[in-house]
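In: Kindly generate the corresponding structure for this input.
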Amino acid sequence: MTALIDQRHTLTHHALGTRIVLTVYGNAAATVLQPTMDLIDGYEDRLTVNRDQSEIMDVNHAAGVKPVAVSSTSYDLVKLAVKYSRADFGFNALIGPLVKLWKIGFKGANVPNDDDIQERLKLIDPWQVELDDDARTVYLKQAGMELDLGGIAKGYIADRIKDFWAQRGVDAGIINLGGNLLFVGQSPRRSDGQWVIGVQDPQLHRGENMEVVRQPACSAVTSGIYERFLIKNGRRYHHLIDPRTGYPLDTDLSSVTVFTDQSVMGEIEAKRLFFNGQPIPGWLDRPGNRGAVFIHNDDSVENIGI
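Out: Numbering: from 1, shown residues only. Model (predicted):
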């Protein structure tokens, strides 16, 4: 494996609203990089809500009007997102109307009045999504509802890239979708094959770590409030809106980083733990969950399974 260190190939791209960095080890694997970027672009074309046209936007445009047939990729991801949204632990793929009301992290960010928040809460009910497995259609029952898969899509796409690389014979690599990380195979830099993964210090610049974790091939996903926020009248409002209240989540956590087998489940479990505010009994016993790092606003750190 040591020889592979000198056969490291990286390609950078902008997609999914973020910076994509793909790394593979082994000269034969280099040819997979551009086709992988093309694969990512194809997923973005179907799943984005940052353009007027996509399969998900077709569903949103038809809210309150009619069901819309989508591809198997979009349908499977919507179905997964709706399933976990209905579990009501904080993740909600219908949160878009509330996010657009607050606009935290975007131009025009403000603190809305409570009446407007209560009105938007009526538009984020995941039980108002009708799914038809046979026709593969998605129907948002109320006008004004919106699907946004941004909280789950990168994890799903990372998993599909891993599948693609397995078909192409990639032995080792790193999929970095804007900080959503998926490590493939054994690290060529360590004799034990484990990957060295840094956990961001919320108080410092990106890339400066508070914790360093060593894990076999896995996904690392972080939910945090330290990068996007609004300060109004001396009060700090972060961007993670609690769909149960319509307001930014009241928490003493700065971030939670989870280590899981599947990246899409990392997206979900990072939000589950962040919204819970503390470790969940039995969480490590669930298949695919490997560990988590909680960083509190006072910089104290709590690890489970690490």
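
In: which residue sits closest to residue 33 in space, ignoring its chain neighbours?
Out: residue 11 (4.0 Å; C-beta to C-beta, 6 or more residues apart in numbering). Glycine gets a C-beta too; all of them are placed from N, C-alpha and C.

In: show me what contacts the one you found?
Out: By C-beta atoms under 8 Å, 6 or more residues apart in numbering, the residues touching residue 11 are 21-22, 33-34, 36-37.

In: What subset of those is buried?
Out: Among the contacts of residue 11, those scoring as buried are 21-22, 33, 36-37 (criterion: 16 or more other C-beta atoms under 10 Å).

In: Which of those sits closest to residue 89?
Out: Distances from residue 89 to the buried ones among the contacts of residue 11, taken as C-beta to C-beta, are shortest for residue 21 (30.6 Å).

In: Counting by contacts, list what the one helix or strand that closest one maps to packs against.
Out: For residue 21, the host element (DSSP states H and E) is strand 18-25. The contact analysis (3 or more C-beta pairs under 8 Å, 6 or more residues apart in numbering; DSSP states H and E) places strand 18-25 against strand 8-15, helix 33-47, helix 153-167, strand 172-177.

In: looking at those, which is closest to residue 260?
Out: helix 153-167 (8.9 Å).

In: name the helices or strands packed onto that closest one?
Out: Applying 3+ C-beta pairs under 8 Å, 6+ apart, we find helix 153-167 packed against strand 18-25, helix 33-47, helix 72-86, strand 172-177, strand 180-185, strand 219-224, helix 263-276.

In: Tabulate the ones you listed in a markdown table, adding columns for mean pLDDT and distance to residue 234.
Out: Shown next, in a markdown table, are those (pLDDT from 0 to 100; distance: least, C-beta to C-beta, whole Å):
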| stretch | mean pLDDT | distance to residue 234 |
| --- | --- | --- |
| strand 18-25 | 96 | 31 |
| helix 33-47 | 97 | 39 |
| helix 72-86 | 97 | 34 |
| strand 172-177 | 97 | 36 |
| strand 180-185 | 97 | 33 |
| strand 219-224 | 95 | 22 |
| helix 263-276 | 97 | 25 |
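
In: For these, please prepare JSON lines with the additional fields distance to residue 95.
Out: Shown next, in JSON lines, are those (distance: least, C-beta to C-beta, whole Å):
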{"stretch": "strand 18-25", "distance to residue 95": "19"}
{"stretch": "helix 33-47", "distance to residue 95": "16"}
{"stretch": "helix 72-86", "distance to residue 95": "9"}
{"stretch": "strand 172-177", "distance to residue 95": "20"}
{"stretch": "strand 180-185", "distance to residue 95": "18"}
{"stretch": "strand 219-224", "distance to residue 95": "13"}
{"stretch": "helix 263-276", "distance to residue 95": "11"}
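
In: For residue 242, find the nearest of the ones you listed.
Out: Between residue 242 and the helices and strands packed on helix 153-167, the tightest spacing by C-beta to C-beta is seen for helix 263-276, at 7.1 Å.

In: hmm, who's touching the closest one?
Out: Here helix 263-276 makes contact (C-beta under 8 Å, 6+ apart) with 80, 84, 89-91, 151-152, 154-156, 158-159, 162, 175, 180, 182, 219-224, 240, 242, 249, 251, 253, 255-260, 279-280, 283, 288-289, 292, 294.

In: Burial check on residue 236, number of neighbours?
Out: By other C-beta atoms under 10 Å, the residues close to residue 236 number 10.

In: What residues sit buried inside the helix or strand harbouring it?
Out: Using DSSP H and E, residue 236 maps to strand 235-238. Going by neighbour count (16+ other C-beta under 10 Å), the buried part of strand 235-238 is 237-238.

In: circling back to that earlier point, list just the nearest of the contacts of residue 11 to residue 62.
Out: Nearest to residue 62 among those, with distances taken as C-beta to C-beta, is residue 37, at 30.7 Å.

In: Got the confidence number for the closest residue to the closest one other than its chain neighbours?
Out: Distance criterion C-beta to C-beta, 6+ apart; nearest residue to residue 37, sequence neighbours excluded, is residue 13 at 4.8 Å. For residue 13, the model assigns a pLDDT of 93.

In: low-confidence ranges in this protein?
Out: Within the chain, the stretches with pLDDT under 70 are 1-6, 204-207.

In: thinking again about what came up before, and for the strand holding residue 21, what's in contact with it?
Out: Residues from elsewhere that reach strand 18-25 (C-beta under 8 Å, 6+ apart): 4-5, 7-14, 30, 32-33, 36-37, 40, 154, 161, 165, 170-179, 185, 188.

In: rerun that using 6 Å as the cut-off
Out: With C-beta atoms under 6 Å, 6 or more residues apart in numbering as the test, strand 18-25 has contacts from 4, 7-13, 33, 36, 170, 172-174, 176-178, 188.
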